[in-house]
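Colleague: sequence plus the predicted model coming up.
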Amino acid sequence: MLSMMIPWLVTQPTIQSAQQLLGMQLSLAGCSGLIIETEAYLGVEDKAAHAFGGRKTPRNHSLYLPAGNVYVYQMRQYCLLNIVTRTAEVPECNLDSGAGAASWYGENAETSAPRRRWVDQWPG
């Protein structure tokens, strides 16, 4: 769990936190990378979200946990990382669909800025 992020995540809308995550360094289990692409999923009202229509299954259970929980799922050949952004039982998250290895950007991340892309609504 990303406990250091919980207060920050629940104090703003999921869309805003997706924007804020761009360019941040994420470190989990010894792996590290800069977040270069995010997508916001807005829960039961969002047709592209795993929780659309109130779906609650063993596969999307993590979406219903408190903000800061992280889960990875596989879609075809891709492993995708989601960060839960709201309080428990509010299934909103940010998909961090692009991360570059931190070492790829060199020692000065300010001059080697990552490509920035943000999608606020996925077509549904």
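Modeller: Cool, got the structure. Numbers count the residues shown, from 1 in each chain.

Colleague: let me know the secondary structure of Gln16.
Modeller: Assigned with DSSP: H, G, I helix; E, B strand; the rest coil, Gln16 falls in the helix class.

Colleague: list the buried ones in stretch 48-57?
Modeller: Neighbour-count burial for stretch 48-57 flags Ala49, His50, Ala51, Phe52 (criterion: 16 or more other Cβ atoms under 10 Å). Just so you know, the C-beta spots here come from the backbone N, C-alpha and C atoms, and that holds for glycine as well.

Colleague: ends of it, how far apart?
Modeller: One end of stretch 48-57 sits 16 Å from the other (Cα to Cα, to the nearest Å).

Colleague: by mean pLDDT, point me to the weakest helix or strand of this protein.
Modeller: Every helix and strand of the chain was ranked by mean pLDDT, DSSP states H and E. The lowest is strand 117-119, at a mean of 34.

Colleague: biggest strand in this protein by residues?
Modeller: Counting residues, the longest strand found in the chain (DSSP state E) is strand 31-41.

Colleague: mean confidence for that strand?
Modeller: Regarding strand 31-41, the rounded mean pLDDT is 84.

Colleague: list the pairing partners of the helix or strand following it within its sheet, with orientation.
Modeller: Counting by DSSP states H and E, the element after strand 31-41 in chain order, helix or strand, is strand 70-75. Strand pairing for strand 70-75, determined by DSSP bridges: strand 78-84 (antiparallel).

Colleague: Leu9: what's it in contact with?
Modeller: By Cβ atoms under 8 Å, 6 or more residues apart in numbering, Leu9 lies in contact with Ser17, Ala67, Gly68, Ile83, Val84, Thr85, Arg86.
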